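1. generate coordinates for the sequence data below:
(4 chains)
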Number of protein chains: 2
Amino acid sequence: MARRGETIELAVLGLLHEGPMHGYELRKRLNLMLGWGRVLSYGSLYPALKKMLRANLIEEATVSPAPVSKRQRIVYEVTPTGHDEFERLMSEVGPAAWEDDTFDIRFAFFSSTDMEIRLRVLEGRRTRLQERLERVQQQLSMTQAEVDRYAAELQRHGVESVEREVRWLSELIDAERGVHVRDAEQPGPGPQFQQTTFQQTTTPHTGEDVRPPTGR
Amino acid sequence: MARRGETIELAVLGLLHEGPMHGYELRKRLNLMLGWGRVLSYGSLYPALKKMLRANLIEEATVSPAPVSKRQRIVYEVTPTGHDEFERLMSEVGPAAWEDDTFDIRFAFFSSTDMEIRLRVLEGRRTRLQERLERVQQQLSMTQAEVDRYAAELQRHGVESVEREVRWLSELIDAERGVHVRDAEQPGPGPQFQQTTFQQTTTPHTGEDVRPPTGR
DNA sequence: GGCTGCATGTAAGTCGTTACATGATTTA
DNA sequence: TAAATCATGTAACGACTTACATGCAGCC
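-> As a prediction, this is how the structure comes out:
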């Protein structure tokens, strides 16, 4: 299970959990979230929406507040079936490549799941990264001969980045567990991940989020 | 120019600059270099090799040392045309997505090019990343309403990663320029990038390099 | 003698992008 | 009223993966 096409599906279902939306809007939001330059094309989004409609994962929203919606637009919302599928995709353990590709998306929609799933996703990713680090370091210790300067620097930088990512994941995992404990014991304003060093220049902001590069 | 298919081409040409190789070996090396989990399939490698052969970018090596090579293998080497193509691809300014995807490959083969190209690649990437950072920060300052906790953390982490990448690139650029100066003025052992903090457990190693995740 | 790994290749199918096509609506 | 942008969609094409097919060589 968990083929490639399901990435869009996961993203769409995740976004629709925030409220009904039409295709054009989904694309905009998705490009901001998963973006950093990459663009989801209409050519893949609209067919995906139709497919999800047929599969009864989403349905046309029964829009009460706007009787005369000016533009031609089709607003979708998640069905109960769609919600189940969302939870399945969020917790799905699939090919490593797929899990890599979807980590950011899953993470962005963590609020729509429960802690069990969150921990599974976080720990899964950490394990995978650690395994790769070990494999790389084994390779390093096995090989000899002179190293190309640039190749070595690239690889050094790569290892460092992954190690940093592992530490980040560990902090998140601790925070998750921390929530668990504190929720019962403390009345405080919930867990902070770490000091939010970079909470930006001006105003707080809405869901116009943007996604990081992660492990490229 | 600079379509997707050319990524393999670039990688193959780069590797063959280190010496003649056959397909199976290329695949192994490539998977280690570009890998961190991703695998280049035979289904794309072998056809690519044939295509490159037809385009006269590579040719079957005139193997002198092994008269009775035991196994069936086709060893390739770069032609002069191939070398030109390699230089073209190394310095090509294409779609941002393509440049992102190939940055690591280009970097890994920096030794086979000259400083002009190296600087162009490094500065090009730095510029692109900086532009994206600015765009993201503009978005942040434009939007209001409450942020989802996880989406915000993801985005914070993303920005931090990209900023780190930019700093890394800046160091590399300085080092490149440093080479330039020092080459003439100092007899020293060439430029160090930074302290090679992580130069590994045991032995130095050969080209069995591995590629970092970069910007995902 | 059989299993594992080396070595090359092809065919089918999937997935997604690019480009095209269409039309309404707001803004300058 | 012209341009930009909202909004949805389809058709053609390209690229890569998966699975299949084949055979030799070295090791136990």
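
2. and the strands in chain A?
-> A:21-22, A:58-60, A:75-78 (DSSP state E).

3. most tightly surrounded among those strands?
-> Ranked by mean neighbour count under mean count of other CB atoms under 10 Å in any protein chain shown, the strands of chain A are led by strand A:75-78, which reaches a mean of 20. Every residue, glycine included, has its C-beta placed from N, CA and C.

4. could I get the contacting residues of the spatially most central residue of chain A?
-> In chain A, the centroid-proximal residue (CA atoms, centre = their mean) is A:I105; its distance is 1.7 Å. A:I105 is in contact with A:T7, A:L10, A:A11, A:G14, A:M33, A:L34, A:R211, counting by CB atoms under 8 Å, 6 or more residues apart in numbering or on different chains.

5. let's see that with 7 Å instead.
-> By CB atoms under 7 Å, 6 or more residues apart in numbering or on different chains, the residues touching A:I105 are A:L10, A:A11, A:G14, A:L34.

6. where does pLDDT dip in chain A?
-> Applying pLDDT under 70 to chain A flags the ranges A:1-4, A:35, A:63-70, A:142-146, A:179-216.

7. domain map for it?
-> The record's domain parsing of chain A by automatic domain parsing lists A:6-62+A:73-107, A:125-185.

8. spell out which residues of chain A are next to DNA strand C.
-> Neighbours of DNA strand C within chain A, by CB under 7 Å from any atom of the strand: A:3-5, A:7-8, A:38-44, A:48, A:70-72.

9. tell me who's in contact with the spatially closest residue to A:V166 that is not a sequence neighbour.
-> Closest residue in space to A:V166, ignoring its immediate chain neighbours: A:L129 at 5.3 Å, by CB to CB, 6 or more residues apart in numbering or on different chains. A:L129 sits next to A:V162, A:E165, A:V166 when contact means CB under 7 Å, 6+ apart.

10. make it 8 Å
-> By CB under 8 Å, 6+ apart, A:L129 lies in contact with A:V162, A:E165, A:V166, A:L169, A:G215.

11. measure it to A:L122 for me?
-> From A:L129 across to A:L122, the span is 11 Å (CB to CB, to the nearest Å).

12. and for A:L45?
-> 28 Å.

13. looking at the two, which is more packed in?
-> A:L122 (22 against 18; other CB atoms under 10 Å in any protein chain shown).

14. max-length helix in chain A?
-> Of all segments of type helix in chain A, defined using DSSP state H, the longest is helix A:149-185.

15. which other helices and strands contact that helix?
-> Where contact means 3 or more CB pairs under 8 Å, 6 or more residues apart in numbering or on different chains; DSSP states H and E, helix A:149-185 is packed against helix A:115-142, helix B:96-108, helix B:149-185.

16. next, count neighbours for the closest residue to DNA strand C within chain A.
-> As assessed by CB to the nearest atom of the strand, DNA strand C sits closest to A:G43 within chain A, at 2.3 Å. Residues lying near A:G43 (other CB under 10 Å) number 8.

17. likewise for A:R156?
-> 18.

18. any idea how far A:A48 is from A:H157?
-> Separation of A:A48 from A:H157 (CB to CB): 36 Å.

19. please say which of these two ends up with more neighbours.
-> Legend: neighbour count by other CB under 10 Å for A:A48 and A:H157, higher for A:H157 (24 against 20).

20. residues contacting the nearest residue to A:E85 once chain neighbours are set aside?
-> Counting by CB to CB, 6+ apart, A:L57 is the residue found nearest to A:E85 once chain neighbours are left out, at 5.3 Å. When contacts are counted by CB under 8 Å, 6+ apart, A:L57 is found next to A:E9, A:L13, A:V78, A:T79, A:T81, A:G82, A:E85.

21. what about the fifth one, distance to DNA strand D?
-> To tie it back to what came earlier, the one meant is A:T81. 20 Å (CB to the nearest atom of the strand, to the nearest Å).

22. that residue reaches A:N56, doesn't it?
-> Yes - the pair A:T81 / A:N56 is scored as a contact, 5.1 Å apart, by CB atoms under 8 Å.

23. of the helices and strands packed on helix A:149-185, which is nearest DNA strand D?
-> helix B:96-108 (9.3 Å).

24. tell me the contacts of A:L49?
-> A:V12, A:G23, A:L26, A:I58, A:Y76.

25. and A:R125, how far from B:P80?
-> On the measure of CB to CB, A:R125 and B:P80 end up 46 Å apart.

26. neighbour count for these two, which is higher?
-> Per other CB under 10 Å, whichever of A:R125 and B:P80 has more neighbours is A:R125, with 23 against 9.

27. confirm for me that the more buried one is in contact with A:E99.
-> Yes - the pair A:R125 / A:E99 is scored as a contact, 6.9 Å apart, by CB under 8 Å.

28. re earlier: roughly how far apart are the residue nearest to the centre of chain A and A:R27?
-> For A:I105, the distance to A:R27 (CB to CB) stands at 14 Å.

29. list the buried residues of stretch A:51-66.
-> Using 16 or more other CB atoms under 10 Å in any protein chain shown as the test for burial, stretch A:51-66 gives A:M52, A:L53, A:L57, A:I58, A:E59, A:A61.

30. same deal with stretch A:31-46?
-> Under the neighbour-count criterion of 16+ other CB under 10 Å, stretch A:31-46 has A:N31, A:L32, A:M33, A:L34, A:G35, A:W36, A:G37, A:L40, A:L45 buried.

31. kindly report the same for stretch A:153-168.
-> A:E153, A:L154, A:Q155, A:R156, A:H157, A:G158, A:V159, A:S161, A:V162, A:E165, A:V166, A:W168.

32. with stretch A:21-30 instead?
-> A:M21, A:H22, A:G23, A:L26, A:R27, A:R29, A:L30.

33. so of the residues you listed, which ones are in helices?
-> Within these, residues falling in helices by DSSP H are A:G23, A:L26, A:R27, A:R29, A:L30.
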